[in-house]
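Novice: below: sequence and its predicted model.
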Amino acid sequence: MRLNINLASQPYEDAGRFYMQWLPLLIVLAAIAVTLSGYAYHRYDDSRQVENQLAEKRQQIVQLDTERTEAEAILNRPENSGTRDQAQYLNSLFATKSFSWTNVLADLEKIMPPHVQVVSIKPELNAEGQLQFTLSVTSEKRDDAIELVRRMETSPRFQQAQMVSERAKTDSKDNKLSVEIISGYIPPIRKGSS
C-alpha cells in the first residue's frame, strides 16, 4: 500500500499559469479604470467651467437688475411721468409693430391641420410685456382644434399655446366650432442681425 504524503510546508502552486490567466484581465481592467477616471475628471472640469460661467451670468443679471431698478426709480419721479408714459407707449407700439404677419402666417401654414380655418389674428402685449397673439379659428370638429394646439406646442415658433374659449356657431348652416387660442410667438432669427 502506497500513501501520497506531502511533507512540504506549503502546497505546490503553479504561479506561472495563474499569472498567465489573470494578468491580461487585470491589465484590461486597469486600462478601463484609468480611462473612466480621465473621463470623470474631464466631465468634472467641464461642469466646473459651466458653474463659473453661470456664476458670472448671475452676477451680470444682478448688476442689470440693479441698473434697471435705479432707472425705474428715476422714471417714477413725478417730474419724469410724461417721459415714462411716452416711453411705455412707444415701447408697446414698437413691440406690436415688430410682429411679423408674414412669418406667423407662414409658420401657421406649416402646422395647420386640414378642416381648420383662421378667422383672425390679434397681436397684443401680455402682462410681462411680451408679444403674444389671439388666434380665432373655426373647425368642424373639436379634435381638429385640439390638434392645432398640439402642433403649436411642439413647434419652436409658438410658445404656451392654449385654448381659451370655444363655442358652436349657430348662425351658419354648417355645424362649425369657433375656437380662440392664445399663444406667444418667437420669430426666426434673421441672418446678419445681432
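Specialist: Sure thing, it's come through.

Novice: domain ranges for this protein?
Specialist: What the record gives for the chain is the domain set 14-76, 99-185, from automatic domain parsing.

Novice: point out the most buried one among the ones you listed.
Specialist: domain 99-185 (a mean of 15; mean count of other C-beta atoms under 10 Å). The C-beta positions use only the backbone N, C-alpha and C, and glycine is treated the same way.

Novice: just name the shakiest helix or strand of this structure by mean pLDDT.
Specialist: helix 81-97 (a mean of 78; mean pLDDT, DSSP states H and E).

Novice: elements contacting the helix or strand following that one?
Specialist: Following helix 81-97 in sequence order, the next helix or strand is helix 101-111 (DSSP states H and E). Secondary-structure packing of helix 101-111 (3 or more C-beta pairs under 8 Å, 6 or more residues apart in numbering; DSSP states H and E): strand 116-125, helix 142-154.

Novice: what residues does helix 101-111 touch?
Specialist: Contacts to helix 101-111, defined as C-beta atoms under 8 Å, 6 or more residues apart in numbering, come from residues 118, 121, 133, 135, 148, 151-152, 155, 157-158, 185, 187-188.

Novice: ok, those vs residue 49, which is closest?
Specialist: Ranked by distance to residue 49 (C-beta to C-beta), the contacts of helix 101-111 are led by residue 188 at 30.5 Å.

Novice: Three-state assignment for the closest one, please.
Specialist: Of the three states, residue 188 takes coil under DSSP: H, G, I helix; E, B strand; the rest coil.

Novice: on contacts alone, who are the packing partners of the helix ranked longest in the chain?
Specialist: Counting by DSSP state H, the longest helix found in the chain is helix 15-75. Applying 3+ C-beta pairs under 8 Å, 6+ apart, one finds that helix 15-75 makes contact with helix 81-97.

Novice: can you list the weak-confidence ranges in the protein?
Specialist: When residues are selected by pLDDT under 70, those of the chain lie in 1, 5-13, 96, 98, 129, 170-174, 189-194.

Novice: no further questions, thank you.
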